[in-house]
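Student: Fold the following.
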Amino acid sequence: MEKSNQNYTYPLIISLVFALAIPSFVFCILAEFKKSKIENVKLDGELCELPGNKAFGLGIAALICSSIAQIIGNLIIFVRYCPDSREIIYSCRTRWPTTATLLFVLSWISFAVWVMLISTASSMNRRQVFGKGWLDGECYLVKDGVFVSAAILVLLSLGCTLASGVTTLRNKFHVSNHDNSRKDSLP
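Tutor: As a prediction, the model looks like this:
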C-alpha cells in the first residue's frame, strides 16, 4: 500500500513545481510590460518622483511562487537520499549521482541570481517620492529586458530542479529494480 502511494507522490510533487513555475514565468513577463517608464518620471528641479505600479506586485508574486517551487522541488532530492529523519540529523549515507548534483548546484546558482535580479527590479517599481528616490535620492528605472531575463532564469532554475529530481528518481527506481531482480535470481 505504501509503495503505491509513493508512485503517485513524486509525479504530484513534480506537477506542483511545474504549476508554480508557469505563473512565476508569466508574472515576470507581465512585469516587463507594467514596469515604470520614462514618461512616468516627474521632475521638480533636481528632485524626481516616480509613481508605484503593478510591476512591483507582479515581481513579488513571481518571487513567492518560484521560492515555494524551488523548496518543494528540492524536497524530492532530499527525501530520496535522506528518507529517515534520523539520517538527516547525522548525514545521508547514499551518494548522489553526479548529474543530479550538477543540476542541483546549477539550480541554486541560477535561483540566487534570479532572486537578486527580480528583487532589485521589483523594488525599483515601488513608489519613489520626491527627494527620496530609490537610491541616494535619485529615481531609477528598470532597463528593458530585465524582467524577461528574470523569466528565463526562473525557467532555468526550476527546470534544473525538476531535472535533478527526475534524475534522482530515475536512479532510485533503477537501483530498486536492480535490487529486486538480484533477490529474485538468488537460490
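Student: Tell me where this structure has helices.
Tutor: Taking DSSP state H to define them, one finds helices in the chain at 2-34, 54-81, 85-90, 98-123, 146-185.
Student: With respect to residue 138, which of these lies nearest?
Tutor: helix 98-123 (14.1 Å; C-beta to C-beta). All C-beta spots, glycine's among them, are computed from the backbone N, C-alpha and C.
Student: and the angle from that closest one to helix 2-34?
Tutor: In terms of direction (axes from the mean of the first three to the mean of the last three C-alpha atoms, to 10 degrees), helix 98-123 departs from helix 2-34 by 40 degrees.
Student: what's helix 98-123 packed up against?
Tutor: Counting contacts by 3 or more C-beta pairs under 8 Å, 6 or more residues apart in numbering; DSSP states H and E, helix 98-123 packs against helix 2-34, helix 54-81, helix 146-185.
Student: Tell me which of those is the most buried.
Tutor: helix 54-81 (a mean of 20; mean count of other C-beta atoms under 10 Å).
Student: From one end of stretch 139-147 to the other, what's the distance?
Tutor: Its start and end residues considered, stretch 139-147 measures 18 Å (C-alpha to C-alpha, to the nearest Å).
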